[in-house]
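1. Test case, fold it:
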Amino acid sequence: MIGSYRIAKDGASVSTLGWTMAVLVAAGVCTAAAATSNDRLVEERFFEDRERGWHWYELMPVEEEESEEAVETEQATEQPQPESGEPAGPAPMSAEWIRQELPRLRDRAIDSPTERNVQAYFYAQRIMMDKAQVFSNMAQRVTTSDPLLDENLRLPFASAARAATLASAAEAKTGIVEELSEKAGLWVFFDETCEFCRQQLQPINRFAERHSMEMRIISRQGRQIAGVNRRVRVLPDTGQFENLGIDFTPAVMLVVPPEGFYIVSQGFIDYASLVDRLVGAAGHYGLIEKDKYLAARPTERGVIDASRLDNTETVDWSDSDSWVPFIQREITRVYGIGPTPNGGMR
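-> So this is what the prediction gives:
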């Protein structure tokens, strides 16, 4: 038993030794093969690059990371640049250029008032003023040569012609009031405690003297009022104040039977303003013809209501050559005039 054990143990030792020797031999063979392979690779590389000679001490180039400055420079170079001939900003001395530069030049001249800075600001301002003068001259030329743009067509500038036009308008207003007298009357709301009600009597009396329109004074207290023109009847308040919403006195209302009640004024009003407001109310509520109304108010002739343009034709609003003729036709329509065959105006 003991001998067997020793033999087995010695056998195991021998076996172990054999395996160890085998591993070492294999490793040596692999090492030798690897060394041979490396030597052969070096030899091949030497013969491939033999013209450079021996270069054991040559330093191989190291790839460095690009610096941030180089990357930014490259990116800036790659950004598209404006083509030659295209301005990077507004044209020099243009209105846009002046609008941008003049405040900057002014601030610079204020903060650093050197001769050069102040001179630069005033030269830029000079250009701006001269451009405005050139525009003004052309604007005057255009508006005076085009009757549709000339305000002289609406109301003459010359003193004599202007006076004649205004006199004619005053006559037209009188005619409108007389026309209203046939279908309407005036109610004047009066309160004895009102400071301005008694002062309102003078314009009311003057209106009664010049026009035939029926007039009534509605008195809150219901008593007779001294100094009233005998054509004007004074009536007590029987609910008119409350029903018609009269909160302030004196007040004047245009009454058109059976159901037309139009406030003309609340507060004191003089004679001329009373007549003018009556004309305005008549025109606004359609109580008179439009031609008569425009004759009484010449400054409203040719006024275009942009919200009511008769845009039944195709107009390119991005092209002034398309929409300017359209506006011209609209102005001639509201003026009641038009072009003649020879190109003039009727």
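
2. Domain boundaries for the chain, per the record?
-> Using automatic domain parsing, the domain parsing of the chain gives 95-132, 159-297, 302-346.

3. Check which residues of the shortest one are buried.
-> Pointing back at domain 95-132 there. Using 16 or more other C-beta atoms under 10 Å as the test for burial, domain 95-132 gives 97-98, 101, 105-106, 108-109, 117-118, 120-121, 124, 127-128. Glycine gets a C-beta too; all of them are placed from N, C-alpha and C.

4. where does the stretch 201-346 of the chain dip in pLDDT?
-> Counting by pLDDT under 70, the stretch 201-346 of the chain shows low-confidence ranges at 308, 310-313, 338-346.

5. Can you show me the helices along it?
-> In the stretch 201-346 of the chain, the helices defined using DSSP state H, counting those that start in this stretch lie at 240-243, 271-284, 290-296, 320-335.

6. Any idea which of the ones you listed gets closest to residue 234?
-> Minimum separation from residue 234 across the helices of the stretch 201-346 of the chain (C-beta to C-beta) falls at helix 240-243, 12.9 Å.

7. helices or strands up against the closest one?
-> Where contact means 3 or more C-beta pairs under 8 Å, 6 or more residues apart in numbering; DSSP states H and E, helix 240-243 is packed against strand 185-190.

8. buried sites along the strand it packs on?
-> Within strand 185-190, the residues scored as buried using 16+ other C-beta under 10 Å are 186-190.

9. Closest one of those residues to residue 324?
-> Using C-beta to C-beta, the buried residues of strand 185-190 come closest to residue 324 at residue 186, 46.4 Å.

10. For that closest one, which non-adjacent residue is closest in space?
-> For residue 186, ignoring the flanking residues on the chain, the nearest one in space by C-beta to C-beta, 6 or more residues apart in numbering is residue 215 at 4.7 Å.

11. Please apply the same query to residue 267.
-> residue 248 (6.1 Å).

12. Please look at that neighbour and residue 263 and confirm they touch.
-> No - between residue 248 and residue 263 there is no contact under C-beta atoms under 8 Å: 10.3 Å.

13. rewinding a little: among the buried residues of domain 95-132, give me the pair with the biggest separation.
-> 97 and 118 (19.5 Å).

14. which one among the buried residues of strand 185-190 gets closest to residue 142?
-> Of all those, residue 142 sits closest to residue 186, with 46.8 Å by C-beta to C-beta.

15. Specify the beta-bridge partners of that closest one.
-> residue 215, residue 254 (DSSP bridges).

16. Could you report the pLDDT at it?
-> Residue 186 carries a pLDDT value of 94.
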